[in-house]
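Asks: just coords:
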């Protein structure tokens, strides 16, 4: 074989060696490519490639800033945190407001008892003013004081509760006609009845007979009725027009503190003249 043939055979052998690996390269390269795609797919899902992923470990977690902080966090320094509620301004710190609220609750629970106590206080204050600032006696008459306060508790408070409740039930409304009707009944019918009860109670408390009771009623009843007409028509017009039914006895006794001074004076005067 000539030298030319040997060189040609050597070149062919080297060319075959170079061509064979090249033919196998697509197989070797295609496998890593497939593996790379298989690995890249879940990674893309973790970083937002897929919308079905519910949790991303690399994304910051926002804590709830609700009032309950249910996630257990302290809320950080977020400016959206709700401010703490300020102190209540319902007047509960005012002692007068608390006292009035307790009175209303007691009045709803025990109206008869509370109205009797209210009348007792009104008559007590009226007699204290009469003895200390009008008559100015040498000593305080405790028996007279007890007569008037017991009358307020036992008679005036209880009868006022039923009488004014009866009026409001039979003549409802706050117009001119209902108000006028109630004032008329109170001053023309109830007023003399109240006077008879008052003088009879005071006389009976002193253990006097029926004759003494009649004498006191005859001598002082008209004075009591006419004195009432100077005060109560206007006072009761306001009462029946503006005051709630449950508060009538309290309103009456507030005004009656001054009127009770008058009753105390004429009751004591009748005693001295007898």
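Replies: That came through, no problem. Here the structure is a predicted model, which means the values were calculated and not measured.
Asks: Going along the chain, name the helices of the chain.
Replies: Under the criterion DSSP state H, the chain contains helices at 3-46, 95-109, 111-129, 142-151, 157-170, 176-184, 191-205, 210-229, 232-242, 248-273.
Asks: out of those, deepest packed?
Replies: Mean neighbour count (mean count of other C-beta atoms under 10 Å) peaks for helix 111-129 among those, with a mean of 21. C-beta here means a position set from N, CA and C on the backbone, and glycine is covered the same way.
Asks: what comes into contact with that helix?
Replies: Residues outside helix 111-129 that contact it (C-beta atoms under 8 Å, 6 or more residues apart in numbering): 103, 106-107, 144-145, 148-154, 156-158, 160-161, 246, 249-250, 252-254, 256-261, 263-264.
Asks: hmm, back to that, for residue 135, find the nearest of the helices of the chain.
Replies: Across the helices of the chain, residue 135 has its closest neighbour in helix 248-273 (7.2 Å, C-beta to C-beta).
Asks: elements contacting that closest one?
Replies: Applying 3 or more C-beta pairs under 8 Å, 6 or more residues apart in numbering; DSSP states H and E, we find helix 248-273 packed against helix 111-129, helix 142-151, helix 157-170, helix 191-205, helix 210-229, helix 232-242.
Asks: try 10 Å
Replies: helix 95-109, helix 111-129, helix 142-151, helix 157-170, helix 191-205, helix 210-229, helix 232-242 (3 or more C-beta pairs under 10 Å, 6 or more residues apart in numbering; DSSP states H and E).
Asks: JSON lines for these, including distance to residue 269 and mean pLDDT?
Replies: Formatted as JSON lines, the helices and strands packed on helix 248-273 follow (distance: least, C-beta to C-beta, whole Å; pLDDT from 0 to 100):
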{"stretch": "helix 95-109", "distance to residue 269": "35", "mean pLDDT": "90"}
{"stretch": "helix 111-129", "distance to residue 269": "14", "mean pLDDT": "93"}
{"stretch": "helix 142-151", "distance to residue 269": "12", "mean pLDDT": "93"}
{"stretch": "helix 157-170", "distance to residue 269": "24", "mean pLDDT": "94"}
{"stretch": "helix 191-205", "distance to residue 269": "12", "mean pLDDT": "88"}
{"stretch": "helix 210-229", "distance to residue 269": "8", "mean pLDDT": "84"}
{"stretch": "helix 232-242", "distance to residue 269": "21", "mean pLDDT": "94"}
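Asks: Between those helices, which one is closest to residue 136.
Replies: Residue 136 lies closest to helix 111-129 among those, at 11.0 Å (C-beta to C-beta).
Asks: The residue nearest to residue 266 when sequence neighbours are not counted: what's it in contact with?
Replies: Closest residue in space to residue 266, ignoring its immediate chain neighbours: residue 220 at 5.2 Å, by C-beta to C-beta, 6 or more residues apart in numbering. Contact analysis of residue 220 by C-beta atoms under 10 Å, 6 or more residues apart in numbering lists 195, 198-199, 202, 227, 263, 266-267, 269-270, 273.
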